[in-house]
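Peer 1: Build me a model:
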Amino acid sequence: MNLFDVYSLWDIEPVRAEGCRVWDKEGREYLDLYGGHAVISIGHSHPTYVKALQEQVAKIGFYSNSVQNSLQQELAQKLGEQSGYPDYSLFLCNSGAEANENALKLASFHTGKRRVIAFKEAFHGRTSGAVAATDNPAIQSSFNKGHEVVFVPLNDINAVAEEMKKGDVAAVLIEGIQGVAGIYVPETTFLQQLESLCKEQGVVLILDEIQSGYGRTGQFFAHQQAGIKPHLITTAKGMGNGFPIGGLLISPIFEPKKGMLGTTFGGNHLACAAAIAVLDVMQKESLVANAARMGLYLTEQLRHISAIRELRGRGLMLGIEFLPEQASIRNRLLFESHIFTGGAKNNVMRLLPPLSISKSDIDLFIDELKKLTD
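Peer 2: Presented below is the predicted three-dimensional model:
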């Protein structure tokens, strides 16, 4: 049997990693400025994280959600305290797509309505409802198109208001920062107006913080820069530092009912142990503050590179749009300089490094970038 061939693969196989470095099977060392799609939050193979998983798997790795699991409550308490949402509830699942799927379902349960407003260029996942709310026809099958989702331009509050006038809107779903689209940041005023409009119309506001959350922007969630409190917040990626886990933070306005949401593997013992270790390290090493500092330093250094057409983002979630003649820059960084970065539309490089990145790591990247673009 062969693997179903759906991925475009680099001819590189990482076999070991530590901090902000990975090594391939030939022993070559790479600087990791992508963190496997923003997943590596506290750095690869962090000793606290490794120890937590080793100790947990030696005790119990899994049992179902039909029994008590005190690790779930410990995780909820720590996440509430560190995120600034101690009064919200937590539903645990396995991925960002599943978190968004359950957020949309909960919004529909709560309002009794079904239409969803999303935004052009949005990406919310690859399960049924999440795909329907993703503005990419290439990944939507006929089955996905059965959902009632309308896409409006980002930062256009009038377009949102016009759709709400048509009625039957259950939710507005928006990314804290649009990642796959090429790092586009919602304007502060727009987010504030959006929150007000949703409250006025009785529409659930869902913030997809799957890529932009967990300290990546220098605040725990990107939307907190605007001073708003959405009804639902979805998270995943950096939550488990590589162990699959997702979460849905739920406002007190929602009334839980037995059986309305569910999952087999969500919130299992190993996943919770990994997520608790992530929060412990983030707090002990002040990684959210480090993301803010290093993001500012990285941004300042990038502004001096003439090959860059536009720089977007916040903290350690940055999009670099290069001039057309630099279209091969990501390949060259990978194969000549041994630096992993991410890509997006329109010749954009995405930088999503571990939150533990250092100034010396950034200096190395800037030096190599200058060599290849000067």
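Peer 1: Could you use CA atoms for every contact and neighbour count after this?
Peer 2: Noted.
Peer 1: The residue nearest to the spatial centre of the chain: what secondary structure?
Peer 2: Centroid-nearest residue in the chain, with Cα atoms, centre = their mean: Gln211, separated by 1.3 Å. Judged by DSSP: H, G, I helix; E, B strand; the rest coil, the three-state class of Gln211 is coil.
Peer 1: hang on, it packs against Gly179?
Peer 2: Yes: at 6.9 Å, Gln211 and Gly179 qualify as touching, with contact defined as Cα atoms under 8 Å.
Peer 1: returning to what we had before: I'd like to know how far the residue nearest to the centre of the chain sits from Lys371.
Peer 2: The gap separating Gln211 from Lys371 is 30 Å, by Cα to Cα, to the nearest Å.
Peer 1: go on, Lys237?
Peer 2: 32 Å.
Peer 1: Looking at these two, which has the bigger crowd around it?
Peer 2: Each of Lys237 and Lys371 has its neighbours counted (other Cα atoms under 10 Å); Lys237 has more, 28 against 10.
Peer 1: Need the phi and psi values for the more buried one.
Peer 2: phi 30, psi -100 (degrees, to the nearest 10).
Peer 1: For it, which non-adjacent residue is closest in space?
Peer 2: Val39 (4.3 Å; Cα to Cα, 6 or more residues apart in numbering).
Peer 1: Give me the number of neighbouring residues for that neighbour.
Peer 2: Using other Cα under 10 Å, Val39 has 25 neighbouring residues.
Peer 1: How much space separates it from Leu355?
Peer 2: Taken as Cα to Cα, the span from Val39 to Leu355 is 10 Å.
Peer 1: try Phe151
Peer 2: Taken as Cα to Cα, the span from Phe151 to Leu355 is 32 Å.
Peer 1: what does Ala344 give?
Peer 2: Distance from Ala344 to Leu355, by Cα to Cα: 21 Å.
Peer 1: Which one of those two is surrounded by more residues?
Peer 2: Taking Ala344 and Leu355 together and counting by other Cα under 10 Å, Leu355 has the greater number of neighbours (33 against 16).
Peer 1: mind listing what the more buried one touches?
Peer 2: 41-43, 215-216, 287-288, 290-291, 316 (Cα atoms under 8 Å, 6 or more residues apart in numbering).
Peer 1: 6 Å - rerun?
Peer 2: Leu355 is in contact with 41-42, 287, 291, counting by Cα atoms under 6 Å, 6 or more residues apart in numbering.
Peer 1: and what of Pro354?
Peer 2: With Cα under 6 Å, 6+ apart, Pro354 has these contacts: 35, 40-43.
Peer 1: same question, Gly146
Peer 2: Here Gly146 is in contact with no residue (Cα under 6 Å, 6+ apart).
Peer 1: how much space between it and Ala132?
Peer 2: 8 Å.
Peer 1: Can you read off the backbone torsions of Val172?
Peer 2: phi -110, psi 130.
Peer 1: How many neighbouring residues does it have?
Peer 2: 24.
Peer 1: and if you look at Glu55?
Peer 2: 13.
Peer 1: which residues touch whichever strand or helix holds it?
Peer 2: Element membership for Glu55, per DSSP states H and E: helix 47-59. For helix 47-59, contacts defined as Cα under 6 Å, 6+ apart pick out Ala277.
Peer 1: Let's see that with 8 Å instead.
Peer 2: Contacts with helix 47-59, where a contact means Cα under 8 Å, 6+ apart, come from 269-270, 273-274, 277-278, 281.
Peer 1: The stretch 51-200 of the chain: helices as residue ranges?
Peer 2: 70-83, 96-111, 128-132, 157-165, 188-201 (DSSP state H, counting those that start in this stretch).
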